[in-house]
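*Asks:* Quick one, structure for this:
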Amino acid sequence: MKRKTYRKIKVPRGYLSLHNDCWKLHSEIVRRNEKGICFTCLIKHEWQDCDCGHFKHACMDFNRKNTHCQCKKCNNWLKGNLDLYALRLEAKYGFGIIQELEKEKWTTMEPTYDELLILKEKLTKELKKLQNA
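*Replies:* Numbers count the residues shown, from 1 in each chain. This is a model prediction of the structure:
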């Protein structure tokens, strides 16, 4: 039986480093805004000691409803503590948020290189405002 071959998707040069830059900015903004309080266990930490946890991954990386401050224990050791994360999402955003995020996961595309450039500029401005406040 012949093996299927898949076309490799060409990623523009510098895309991954631009994505990582945007992620670092987004992560810091989220952790600073939430003042280091873990979204799942509600324990306060220094924002620098926390992660920016996800409910859904991939194209949902920069969705503010999907990403929240999480302590290392909840995000890494407890694999996101997703049961409690889901309960907190519903408490904060209302019933149906889980379905909304799931639907968005399947209908949203990864950002293009140009979209990431625009996002990086926007996030940089937002972070400067936070740092000056």
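*Asks:* Distance-wise, check the most centrally placed residue in the chain relative to Lys73.
*Replies:* For the chain, the residue sitting closest to the mean C-alpha position, by Cα atoms, centre = their mean, is Asp61 at 3.7 Å. Asp61 is 22 Å from Lys73, where distance means Cβ to Cβ, to the nearest Å. For every residue, glycine as well, the C-beta is placed using N, CA and C.
*Asks:* residues making contact with the helix or strand hosting Ser27?
*Replies:* In this assignment (DSSP states H and E), Ser27 forms part of helix 15-33. With Cβ atoms under 8 Å, 6 or more residues apart in numbering as the test, helix 15-33 has contacts from 47-48, 50-52, 61-62, 64, 67-69, 111, 113, 116-117, 119-120, 123-124, 126-127, 130.
*Asks:* Show me which of these are buried.
*Replies:* Among these, those classed as buried by 16 or more other Cβ atoms under 10 Å are 47, 50-52, 61-62, 67-69, 111, 116, 119-120, 123, 126-127.
*Asks:* sorry, back to before: C-terminal to the helix holding Ser27, what's the next element?
*Replies:* strand 51-54.
*Asks:* Counting by contacts, list what that next one packs against.
*Replies:* Packing partners of strand 51-54 (3 or more Cβ pairs under 8 Å, 6 or more residues apart in numbering; DSSP states H and E): helix 15-33, strand 67-70.
*Asks:* Just the C-alphas of the worst-scoring helix or strand of the chain on mean pLDDT, formatted as PDB.
*Replies:* Ranked by mean pLDDT, DSSP states H and E, the weakest helix or strand in the chain is helix 97-107, scoring a mean of 92. Provided in PDB are the C-alpha atoms of helix 97-107 (Å, rounded to 0.1, in the frame of the first residue of the first chain):
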ATOM      1  CA  ILE A  97     -18.500  30.600  26.400                       C
ATOM      2  CA  ILE A  98     -17.000  27.000  26.000                       C
ATOM      3  CA  GLN A  99     -19.100  26.400  22.900                       C
ATOM      4  CA  GLU A 100     -18.200  29.800  21.600                       C
ATOM      5  CA  LEU A 101     -14.500  29.200  22.000                       C
ATOM      6  CA  GLU A 102     -14.800  25.700  20.500                       C
ATOM      7  CA  LYS A 103     -16.700  27.100  17.400                       C
ATOM      8  CA  GLU A 104     -14.100  29.900  17.000                       C
ATOM      9  CA  LYS A 105     -11.300  27.300  17.200                       C
ATOM     10  CA  TRP A 106     -12.700  25.700  14.100                       C
ATOM     11  CA  THR A 107     -13.500  28.800  12.200                       C
END
